[in-house]
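K.L.:
Show me the folded form of this:
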Amino acid sequence: MIKISQFAPQHAKGVIDVILPIQQLEFGIPISLEAQPDLQDITAFYQKGSGNFWVALANGNVVGTVALVDIGMNQVALRKMFVNSLYRGAEYSVAKRLLETLLQWCHEHGVKEIFLGTTSKFLAAHKFYEKNAFHEIDRSQLPSSFPVMVVDTKFYSRALSSI
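P.N.:
Residues are numbered from 1 along each chain as shown. Got it, this is the predicted structure:
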């Protein structure tokens, strides 16, 4: 059974063990842990304002992640959406459940718009975002406070309505 939980310090190693192999081995992106200081202090980087970080747990082990960075003006940046390859797809719906948790958080915290940047290599992610009401935008349409990563080449946004 998959459980979605807010990040806690005991999840730190599991988060790194999910994200780095996907970045480095699966997609051949030359990025190190040292180049991602946010992963070395998740609580301080993500869990403030309208930001947060969630993990998907299978038998207590991290199998998926997603995060939000509060960028001001009731806007957030979606970051670190990763799912272990064994848990992708409809059987587990890990990505869908992580996104649903994130969207509920956004509604509860008055977030009006979500932005994200991704690499052109993550084709399945593009389809997932588009299927979930994210629209591709040009980099010039990002808010100035959006934290563009070196590997980001494709950008999306999703406006949220108030509940």
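K.L.:
Output the longest strand belonging to the chain.
P.N.:
Longest strand in the chain, counting residues (DSSP state E): strand 61-72.
K.L.:
Just checking: what are the partner strands of the very next helix or strand once past that strand?
P.N.:
Once the chain leaves strand 61-72, the next helix or strand it forms, by DSSP states H and E, is strand 75-83. With DSSP bridges as the test, strand 75-83 is paired with strand 61-72 (antiparallel), strand 113-118 (parallel).
K.L.:
how about the shortest one: buried residues?
P.N.:
Put plainly, it is strand 113-118. The neighbour-count check on strand 113-118 (16 or more other Cβ atoms under 10 Å) flags 114-118 as buried. Backbone N, C-alpha and C define where each C-beta goes, glycine included.
K.L.:
pull the CA atoms of the helix or strand harbouring residue 107 into CSV?
P.N.:
Using DSSP H and E, residue 107 falls within helix 94-108. Extracted in CSV, the C-alpha atoms of helix 94-108 (Å, rounded to 0.1, in the frame of the first residue of the first chain):
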residue,chain,number,x,y,z
VAL,A,94,1.9,7.3,-7.2
ALA,A,95,2.4,10.4,-9.4
LYS,A,96,-1.3,11.1,-9.5
ARG,A,97,-1.6,10.8,-5.7
LEU,A,98,1.4,13.0,-5.1
LEU,A,99,-0.1,15.6,-7.4
GLU,A,100,-3.6,15.4,-5.8
THR,A,101,-1.9,15.9,-2.4
LEU,A,102,0.0,18.9,-3.7
LEU,A,103,-3.2,20.4,-5.3
GLN,A,104,-5.2,20.0,-2.1
TRP,A,105,-2.3,21.8,-0.2
CYS,A,106,-2.4,24.6,-2.8
HIS,A,107,-6.2,25.1,-2.3
GLU,A,108,-5.8,25.1,1.5
